[in-house]
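J.: pasting a predicted model and its sequence here:
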Amino acid sequence: MDYDILHKPSFALARVQLNRGEQIQAESGVMVSMSDTINIETSTRGGIFSGLRRSVLGGESFFVNTFTAEQPGELTLAPPLPGDIEALELQGETLMVQSGSFLAATMNIEVDSQWGGARSFFSREGLFLLRCSGRGLLFVSSYGAIHRIDLDRGQNYTVDTGHMVAFDDSVRYDVGRSGGWKTTLLGGEGLVCKLQGPGRFFMQTRSEDDFLGWLSPKLNNK
C-alpha cells in the first residue's frame, strides 16, 4: 500500500494506492473517488453494539466502510470540512484521537471508544475519545492545518478543547477552565485541555465551533 497527501494543508486529499487484496477502513461519507477495481462494503464494524458505542458515545458514524482492492487501484479520501490530513504509522503504540478527527486506518488498527470520565465531561467532544492501537497506518483529519508538538517528560501544555486532534496515550490530560469563571465565561477562551508529557500531541489550527459562532450572527442578520 502506498499513499500521498495532496493539497495540504487547506484542502487535503488522501490518495491511497491499494494492491490486490489490500483493505482499508474509513469513516462513512469520506470517500471522494475510487477505481472500479475497488469494492466497498458498509457494516457496523465489531457488531451492532460496537457501532452504537462509536456513534452514540464516541461521536462517530454508526457505519464504517471497508474498501477492498480486487485488483490494484486508487482510493481518495477527504474530511467534510476544509483542512489537513496526517498519515501516522503506528508501530504498536496507541493514539487517543478526538471524536471527528478519525478519517481512515488499515485493517490491523483497532479503533475503539475510550471512556474519558469527568476529565472530558464538559468538553466539546463529550465523554469519549477514540483509542487507536496496533501496527499499521492511521489517517487523521482536522479543520485547519495539523500542528505537531513533542512534549518532554513532565512538560505541561494547555490547548483549547476545540483544537484537539490526537495525542499519545503516554500523555496525561485533564479538562478544566482556562482561568477563573470570569475568564472562562467572558474571556472567549472557554474550557481547555491541560496536557503533560511525555508524548506527541497533534492540534488543529482552527476550531469549527469558533467559526460557526462567528458566522451565525452574520447569517441571522441577513
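T.: Good, I have the coordinates.
J.: hey, let's count contacts and neighbours off CA atoms from now on
T.: Fine.
J.: can you give the distance of the helix or strand hosting residue 90 from its chain's centre?
T.: Secondary structure from DSSP states H and E places residue 90 in strand 85-97. Centre-to-centre, strand 85-97 and its host chain are 10 Å apart (C-alpha atoms, centre = their mean, to the nearest Å).
J.: same thing with stretch 161-180?
T.: 14 Å.
J.: and it, what's buried?
T.: 161-171, 173, 175-178 (16 or more other C-alpha atoms under 10 Å).
J.: next: stretch 87-101.
T.: Across stretch 87-101, burial judged by 16+ other C-alpha under 10 Å covers 87, 90, 94, 95, 96, 97, 98, 99, 100, 101.
J.: check which element follows the worst-scoring helix or strand of the chain on mean pLDDT along the chain.
T.: Least confident helix or strand of the chain, by mean pLDDT, DSSP states H and E, is helix 48-52 with a mean of 43. Heading C-terminal from helix 48-52, the first helix or strand you meet, by DSSP H and E, is strand 64-69.
J.: which secondary structure elements does that following strand sit against?
T.: Packing partners of strand 64-69 (3 or more C-alpha pairs under 8 Å, 6 or more residues apart in numbering; DSSP states H and E): strand 23-27, strand 38-43.
J.: give me whichever of those strands is most buried.
T.: Comparing those on average neighbours per residue, with mean count of other C-alpha atoms under 10 Å, the densest one is strand 23-27 at a mean of 22.
J.: so after it, what's the next helix or strand?
T.: Scanning forward in sequence from strand 23-27 by DSSP H and E, the next helix or strand is strand 31-34.
J.: partner strands of that following strand, parallel or antiparallel?
T.: strand 73-77 (antiparallel) (DSSP bridges).
J.: tell me which of the helices and strands packed on strand 64-69 sits nearest to residue 130.
T.: Closest to residue 130 of the helices and strands packed on strand 64-69, according to C-alpha to C-alpha: strand 23-27, at 12.4 Å.
J.: right, and the helix or strand after the strand holding residue 90?
T.: According to DSSP H and E, the helix or strand after strand 85-97 is strand 102-106.
J.: kindly export that next one (C-alpha atoms) in CSV.
T.: Output of strand 102-106 as CSV, limited to C-alpha atoms (Å, rounded to 0.1, in the frame of the first residue of the first chain):
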residue,chain,number,x,y,z
PHE,A,102,-10.7,9.9,12.6
LEU,A,103,-10.6,9.5,8.9
ALA,A,104,-9.3,6.0,8.0
ALA,A,105,-7.0,3.2,9.0
THR,A,106,-5.6,-0.1,7.8
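J.: residues contacting that strand, please?
T.: 23-27, 30, 77-79, 130, 136-141 (C-alpha atoms under 8 Å, 6 or more residues apart in numbering).
J.: just how off-centre is it within its chain?
T.: Counting by C-alpha atoms, centre = their mean, strand 102-106 comes out at 9 Å from the chain centroid.
J.: for stretch 164-181, same thing?
T.: Distance of stretch 164-181 from its chain centroid, counting by C-alpha atoms, centre = their mean, is 16 Å.
J.: that one - what's its average pLDDT?
T.: Averaged over stretch 164-181, pLDDT sits at 82.
J.: next: stretch 20-37.
T.: 96.
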